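> Show me the folded form of this:
(one chain, ligands or ions: 2)
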Amino acid sequence: MFRASEKNSAPECDCDYILTGEGLEPHYQNCSTVWRKHYGSSSPKNPDGTFRLRNEHLSKLNQDVLYHLGLDNENYDLPKMFGDVKFVCMGGTKYRMKEFAKYIAKSLAIPCEDFVNMTKHSHRYAMYKVGPVLSVNHGIGIPSMTILLQEVIKLLSYAKAKDPIIFRIGTSGGLNISPGSVVISSWGLNGTLEKSYDIPVLGKIRKIPSHFDKRLSEELLSIASEEKDFSTYIGGTMAADDFYRGQARLDGPFCDYTEEDKMAFIKTLVELGVKNIEMEATAFAAMTREAGLRSADVCVTLVNRLEEDQVTPSKSKLLEWQERPMLVIAKYISLYVKKYNKPAKND
Ligand code: R2B
Ligand code: URA
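Ligands and ions are numbered 1, 2, ... in the order given. Here you go, the predicted model:
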């Protein structure tokens with residue numbers, strides 16, 4: 001996968017910690033030292049923080065069209081447009097991600113009047129850039145999210161962005177916690193209760209481990225715990241391929257199991273340490289890790305699935321709750337920018 005000479009470069013800790021203190025995981029999962037220990041090869045990260053794509057076929061392309069983003073690396077100066085990106089924040093809806101762009105502009109005091117959708121020619125997703133932050137929507141479910149994520153990973157590599165951190169802010173159903181609580185995922189669990197993202201490749205199922213960066217999650221928990229208006233938990237997240245039967249709901253158009261079957265399944269999830277159910281965590285953890293990038297999934301819960309299936313809070317309550325993951329991520333980004341003194345400006 002990598003050139004032989006790269007295998008000899010001495011690994012050094014290249015963690016850019018946000019918080020320090022007792023009891024935290026010693027390194028980020030994509031620290032070059034950790035990478036070498038686990039994978040036995042040099043990290044995809046270059047010494048300057050830019051990162052290589054782990055696909056040799058790409059070097060044969062004259063140009064790479066990032067079809068769903070409406071961009072390519074021939075006709076667009078990606079390093080100029082995106083080279084300063086340090087954070088990518090992804091979420092389901094275009095509306096939420098525009099709101100996040102506005103929110104982060106305010107938090108970082110970046111004057112920004114119009115928020116331009118940089119992918120508007122593709123008509124698929126919406127992407128906004130505010131200083132070092134990209135805010136982009138990914139739609140619902142793993143296939144929609146992974147198409148966007150893979151093109152964003154290529155974009156960041158071509159742009160020579162340095163060690164970017166990718167966050168997902170989302171909604172979910174909570175397990176045994178009050179609606180409005182926030183969950184930071186430590187791992188994703190698939191529909192057959194394995195900690196992996198399963199994808200058929202060339203006719204065979206590939207299983208890719210779906211653990212999130214422990215250090216990053218712990219730092220986020222520490223920041224979120226300062227918030228007194230809501231509780232934040234760290235735990236497992238089940239990523240379902242469906243909102244109804246796939247999440248053991250009784251209120252879909254089809255249901256061939258009993259309420260007792262549903263409750264027994266939900267209780268099994270609780271016993272496994274699952275705190276919430278959404279529809280992307282496994283693939284998000286797996287692909288970011290495979291790329292050698294740090295990521296975290298931070299979701300608000302809209303319903304306690306031990307009590308209800310329907311999402312009944314008022315529209316204003318739902319909007320208020322959806323700001324909670326934004327608040328946690330914006331605080332993290334603000335701390336980072338302050339600590340590393342990254343220029344907070346919009347180009
Ligand atoms: C949470 O909410 C969406 C479904 O309503 C899905 O994208 C998810 O993960
Ligand atoms: N999103 C989900 O996927 N499930 C829920 O229960 C709520 C939001």
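
> Give me the secondary structure label for residue 205.
strand (DSSP: H, G, I helix; E, B strand; the rest coil).

> Give me the distance between the two termini of stretch 151-167.
15 Å (Cα to Cα, to the nearest Å).

> What's the mean pLDDT across it?
Mean pLDDT, stretch 151-167: 98.

> quick one: buried residues of that stretch?
151-167 (16 or more other Cβ atoms under 10 Å). Where you see a C-beta, it was placed from the backbone N, CA and C, and this is true even at glycine.

> Not counting stretch 245-252 itself, show me its contacts.
Stretch 245-252 is contacted from outside by 173, 191, 238, 240, 243-244, 254-255, 257, 259, 261-262, 265-266, 277, 305, 309-310, using Cβ atoms under 8 Å, 6 or more residues apart in numbering.

> Intersect these with the contacts of ligand 2.
Contacts with ligand 2 within the contacts of stretch 245-252, as defined by Cβ under 6 Å from any ligand atom: 173, 243, 277.

> and ligand 1, which of those residues contact it?
Restricting those to contacts with ligand 1 (Cβ under 6 Å from any ligand atom) yields residue 243.

> which one of the ones next to ligand 2 among the contacts of stretch 245-252 is nearest ligand 1?
residue 243 (5.3 Å; Cβ to the nearest ligand atom).

> Surely that closest one is in a helix?
No: if the criterion is three-state DSSP, then residue 243 is coil and not within a helix.

> Next, the contact list for it, please.
Residue 243 touches 249, 252, 279, counting by Cβ under 8 Å, 6+ apart.

> are any of those residues buried, and which?
Of these, these count as buried by 16+ other Cβ under 10 Å: 249, 279.

> Would you mind checking the contacts of stretch 245-252 for buried ones?
Buried among those by 16+ other Cβ under 10 Å: 173, 238, 240, 243, 262, 266, 277, 305, 309.

> Which members of the buried residues of stretch 151-167 occur in helices, if any?
151, 152, 153, 154, 155, 156, 157, 158 (DSSP state H).

> Among these, which ones lie close to ligand 1?
Among those, ligand 1 is touched by none when using Cβ under 6 Å from any ligand atom.

> hmm, back to that, output the contacts of residue 243 as a markdown table; include the columns secondary structure and distance to ligand 1.
Supplementary listing: the contacts of residue 243 in a markdown table, determined by DSSP: H, G, I helix; E, B strand; the rest coil; distance: Cβ to the nearest ligand atom, whole Å:
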| residue | secondary structure | distance to ligand 1 |
| --- | --- | --- |
| 249 | coil | 11 |
| 252 | coil | 13 |
| 279 | coil | 3 |
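
> Mean confidence (pLDDT) on stretch 250-263, please.
98.

> ugh, typo on my part, it should be stretch 31-50
Rounded mean pLDDT across stretch 31-50 is 89.

> before we move on, the earlier item: looking at the ones next to ligand 2 among the contacts of stretch 245-252, spot the one nearest residue 106.
Set against residue 106, the nearest of those by Cβ to Cβ is residue 173 (29.8 Å).

> isn't that closest one right up against residue 307?
No: using Cβ atoms under 8 Å, residue 173 makes no contact with residue 307, being 10.5 Å away.

> give me the number of residues near the one residue in the stretch 1-150 of the chain that gets nearest to ligand 2?
Closest residue of the stretch 1-150 of the chain to ligand 2, Cβ to the nearest ligand atom: residue 140 (8.1 Å). Using other Cβ atoms under 10 Å, residue 140 has 14 neighbouring residues.

> One more: residue 321?
Residues near residue 321, counting by other Cβ under 10 Å: 19.

> And the pLDDT at it?
98.

> same deal with residue 121?
81.
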